[in-house]
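Undergrad: Have a look at this fold, sequence not included:
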């Protein structure tokens, strides 16, 4: 059975938004510390204490200091992306055999982050580094190395600069504590700093919600060269895009993870900007309690920026459900054609009274009569649908993939 994807009215955003758009995919390069974090960092000062010369094992501590152990456990609790946290190592600095590593004093942690094809996963590592900078004085963080970049709390402005050491630190954050922090003598160990924002995906309530593309509910597969940001465009000014690829398998894809408070039928709409919605056969996959649906959407039919319906779906209560978008297309794609990934809006639909088939799609409202070229940004207006797209429910085998987001 195939059902045309028709237009839906685009009203005011009364439903809550899930996942504040707070970061964008970085261009290739080192750790890109946000301006607001750098500004907070300028207010921090922690004296630097090195480890001294390498004199052999006799100069090493017995293991991690108490302060390093407490901070390690805190990061494990608050940052689930920390794959493993190491620390003590009785050795000299890599590349400098005359100087003892701070690891040998027990005042340094290595926060391991899984890489993407050997590159740093900034979507996982950056939030940890940024939080440590913003709370450096409270905790007693004297030095951080991550993804070819450094931040040191005793430097004159600017406190960040490129890292020229032997190891690029793509797979871990190197974090050094001050002597005071190692001895539990800084404020953090009396009253720990405010935990970072909860990175879990919020529950979608019965009234529906808008799920942003840059919040905790969004995930990405692909390198920073696959996903790029169009700052200032899109639902919250953080539209992401990738190029279409004629291939059997995707090279890059993105996902909105969904956790519903109540089961029910919801209308799913995606936010598109014409400048970056150029492909006629964009594949979406909807994994829900009742199975898996595949939707082919003509993004190029989005002539104005706004909401476009991709279909009505029956979702179960709970998590483990999602909507994914893929970069591969079956038809030839012109070089440079772009696919947009922005916000997803879910609106509850009243059950069809007396319907013999609970899984039959609800009758969508008539397309708006307004000019499809009208400006609908920033207000309540009717948006055209993804004209020409077809909804094709098919049963698929789902392979469990661990997604990584490159920010």
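TA: Perfect, thanks for sending it. Predicted model, so just to flag it, every value in this text is computed and none were measured.

Undergrad: If you average the pLDDT over stretch 271-285, what comes out?
TA: Regarding stretch 271-285, the rounded mean pLDDT is 95.

Undergrad: per-domain residue ranges of the protein.
TA: The chain is divided into the following domains under automatic domain parsing: 3-19+202-393, 35-189.

Undergrad: Run the chain-centre distance for the last one.
TA: Distance, stretch centre to chain centre, for domain 35-189: 23 Å (C-alpha atoms, centre = their mean, to the nearest Å).

Undergrad: if I pick residue 128, what's in contact with it?
TA: 75, 79, 81-82, 111, 113, 173 (C-beta atoms under 8 Å, 6 or more residues apart in numbering). Every residue, glycine included, has its C-beta placed from N, CA and C.

Undergrad: where's it, which helix or strand?
TA: Applying DSSP states H and E as the criterion places residue 128 in helix 122-134.

Undergrad: pretty sure residue 259 contacts residue 201?
TA: Yes. Between residue 259 and residue 201 there is a contact under C-beta atoms under 8 Å: 5.5 Å.

Undergrad: For this structure, which segments count as helices?
TA: 35-42, 66-78, 122-134, 136-139, 179-182 (DSSP state H).

Undergrad: which residues are contacting the last one?
TA: Contacting residues not belonging to helix 179-182 are listed as 49, 65-68, 71, 105-107, 139-141, 186, 188-189 [C-beta under 8 Å, 6+ apart].

Undergrad: Recalculate using a threshold of 6 Å.
TA: 49, 65, 67, 107, 140, 186 (C-beta atoms under 6 Å, 6 or more residues apart in numbering).

Undergrad: separation between the third one and residue 84?
TA: Residue 67 sits 19 Å away from residue 84, going by C-beta to C-beta, to the nearest Å.

Undergrad: higher neighbour count, those two?
TA: Legend: neighbour count by other C-beta atoms under 10 Å for residue 67 and residue 84, higher for residue 67 (24 against 11).

Undergrad: Please enumerate the strands of the stretch 251-400 of the chain.
TA: 253-260, 264-272, 282-288, 291-297, 306-315, 318-326, 328-329, 338-341, 344-348, 390-393 (DSSP state E, counting those that start in this stretch).

Undergrad: hey, least reliable of those strands by pLDDT?
TA: Across those, the lowest-scoring stretch is strand 390-393, with a mean of 27.

Undergrad: list the contacts for the nearest residue to residue 148 once chain neighbours are set aside?
TA: Setting aside the residues directly before and after it, residue 148 is nearest to residue 30 in space (C-beta to C-beta, 6 or more residues apart in numbering), at 3.8 Å. With contact taken as C-beta under 6 Å, 6+ apart, residue 30 is in contact with 147-149.

Undergrad: do that again at 8 Å, thanks
TA: Taking C-beta under 8 Å, 6+ apart as the test, what residue 30 contacts is 147-149, 162-163.

Undergrad: Of those, which is the nearest to residue 279?
TA: Nearest to residue 279 out of the contacts of residue 30 is residue 147 (C-beta to C-beta; 31.6 Å).
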